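*Asks:* model the structure of this input:
(one chain, ligands or ions: 1)
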Amino acid sequence: MTILWTTSSVMRFPYAYAVSLVQVDPEALWAVGFRGMIVDVDNTLLGFDDSELAPPVLQWIATAQKRGFRMVILSNNFPERVAAMAARLGCPGIPNALKPLPFAYWRALRLLGLRSVETVMLGDQLMTDILGAQLLGIRGILLNPIAQKDFPLTRVLRCVESWLVGGKRPQG
Ligand SMILES: [Mg+2]
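*Replies:* This next block holds a predicted model:
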């Protein structure tokens, strides 16, 4: 368990850090009242260039779902890729999300049937995944990206991200 639970305030940006998805403890999130997860795809579930989910990631998703977590995947990427991942994980997927805009997060909350305070966002980008989530009161857990490769726009946002939280990301 590498999450730093220093405060429960949504004003903390991001709410918490973790090295990777599989380092997040679903039991710990459940214990403090979270019931839903919104999960980013690229560089969170799998590498930017990958098409297959790693067995530990599939196992982690299955464990979280078995615990009772409702799950939605939310991506700025194209529908084909997101639909394939959603089918693999057995949960709804929202493509073309335009994070950090709020619209797709509202849709995700509706699909989950949960309030923002019961939901966490798990993603590798501060200025899309986490910013969009926390503007709506969804607590964001910032993960280290799986791969260093990104979309060109993402590389620009990474500069802002690194200026804000560069030294705070956990080493893993
Ligand atoms: Mg990502």
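*Asks:* how about the residues of this structure near the ion?
*Replies:* Proximity of the chain to the ion is assessed by Cβ under 5 Å from the ion, with 40, 42, 43, 44, 124 identified as the residues in range. C-beta here means a position set from N, CA and C on the backbone, and glycine is covered the same way.
*Asks:* what do you get if the cut-off is 6 Å, keeping everything else the same?
*Replies:* Remark: the part of the chain in contact with the ion comprises 40, 42, 43, 44, 123, 124, 125, using Cβ under 6 Å from the ion.
*Asks:* okay, and residue 72 sits in which element?
*Replies:* strand 70-74 (DSSP states H and E).
*Asks:* after that strand, next one along is what?
*Replies:* Sequence-wise, the next helix or strand downstream of strand 70-74 (DSSP H and E) is helix 79-89.
*Asks:* next, the residue nearest the centre of the chain: secondary structure please.
*Replies:* Using Cα atoms, centre = their mean, the residue of the chain that lies closest to the mean C-alpha position is residue 122, 1.9 Å off. Following DSSP: H, G, I helix; E, B strand; the rest coil, residue 122 is assigned to strand.
*Asks:* so where's this protein uncertain?
*Replies:* Confidence mapping of the chain against pLDDT under 70 gives the ranges 1-10.
*Asks:* go again with 50.
*Replies:* Low-confidence segments of the chain (pLDDT under 50): 1-6.
*Asks:* what about the strands in it?
*Replies:* Ranges of strands within the chain are 16-18, 36-39, 70-74, 93-94, 119-123, 139-143, based on DSSP state E.
*Asks:* for residue 168, which of those is the nearest?
*Replies:* Residue 168 sits nearest to strand 16-18 of all these, at 6.5 Å, using Cβ to Cβ.
*Asks:* the closest one pairs with which strands, parallel or anti?
*Replies:* Taking DSSP bridges as the criterion, strand 16-18 forms sheet pairs with strand 139-143 (parallel).
*Asks:* okay, the angle between the strand it pairs with and strand 119-123?
*Replies:* Per axes from the mean of the first three to the mean of the last three Cα atoms, to 10 degrees, the angle that strand 139-143 makes with strand 119-123 is 20 degrees.
*Asks:* can you give me the neighbour number for residue 119?
*Replies:* Counted with other Cβ atoms under 10 Å, residues neighbouring residue 119 total 24.
*Asks:* ok, what's across the strand from it?
*Replies:* With DSSP bridges applied, the residues forming beta bridges to residue 119 are residue 36.
*Asks:* give me every residue that touches it.
*Replies:* In this structure, residue 119 makes contact with 34, 35, 36, 37, 38, 108, 109, 112, 138, 139, judged by Cβ atoms under 8 Å, 6 or more residues apart in numbering.
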